[in-house]
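> model the structure of this input:
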Amino acid sequence: MQTVGVAKARYSAMSREYFEKHFAAENEAHKKEFGKPIAVGGHPDNGLGRLSSKLDFISWIKLQNAQRVHLNYLEGLTPAIANLLLAGLFYPITSASLGVLNLVGRQLYASGYRAKGPDGRLYGFLLINIAQVSFTGMGIFGGRFV
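Got it, this is the predicted structure:
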């Protein structure tokens, strides 16, 4: 789900017309080297590089917000899965429910951040943290009997 937000921001900001208007020379060099123009979306530019330098501020900030949401999701994925697995060994039903809560929180976080920037992430952040603290507590509490 997170990549959809990044793709939407990226492809609307870095369109074919954008490259033809602002990067004609680079587009021609790309065609010469690779046999085709710069791809829509500007890959591998992540929105901070050379190809995004001519974006208007609103397009740029929307792309950066979408990138931040996606990277935050990736940063939290490993501890979320590890905590879910550990808590699930002792409390499988409760852990599964909290896993759903974590997913809902992630979606609220992502949609809020993309819509309002950092101020829009509060409700998702709270749900994610409730799930994560619960997972950790369940894993510790359940592990004491092992």
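> quick one, longest helix in the protein?
helix 57-90 (DSSP state H).
> buried set for that helix?
Using 16 or more other Cβ atoms under 10 Å as the test for burial, helix 57-90 gives 59-60, 62-70, 72-73, 76, 80, 83-84, 86-88, 90. Yep, even glycine has a C-beta here, placed from its N, CA and C like the rest.
> just stretch 133-146 next, same as before
Neighbour count says stretch 133-146 has 134, 135, 138, 139, 142 buried, by 16+ other Cβ under 10 Å.
> ok, the residue lying closest to the last one once chain neighbours are set aside - contacts?
Meaning residue 142. For residue 142, ignoring the flanking residues on the chain, the nearest one in space by Cβ to Cβ, 6 or more residues apart in numbering is residue 90 at 2.6 Å. Counting by Cβ atoms under 8 Å, 6 or more residues apart in numbering, residue 90 makes contact with 138, 139, 141, 142, 143, 145.
> how far away is residue 90 from residue 54?
Separation of residue 90 from residue 54 (Cβ to Cβ, to the nearest Å): 54 Å.
> equivalent analysis for residue 46, please.
For residue 46, the distance to residue 54 - Cβ to Cβ - is 16 Å.
> does residue 126 touch residue 104 like I think?
No. Taking contacts as Cβ atoms under 8 Å, residue 126 lies outside contact range of residue 104: 11.1 Å.
> can you list the low-confidence ranges for this structure?
1-4 (pLDDT under 70).
> tell me how far the residue nearest to residue 142 lies from residue 99.
From residue 90 over to residue 99 (counting by Cβ to Cβ), the distance is 14 Å.
> with residue 92 instead?
Counting by Cβ to Cβ - residue 92 and residue 99 are separated by 10 Å.
> those two: which has the busier surroundings?
Relative neighbour count places residue 99 above the other of residue 92 and residue 99, with 18 against 10, counting by other Cβ atoms under 10 Å.
> got the angle between the strand or helix carrying the more buried one and helix 57-90?
Applying DSSP states H and E as the criterion places residue 99 in helix 92-116. Angle of helix 92-116 versus helix 57-90, following axes from the mean of the first three to the mean of the last three Cα atoms, to 10 degrees, is 170 degrees.
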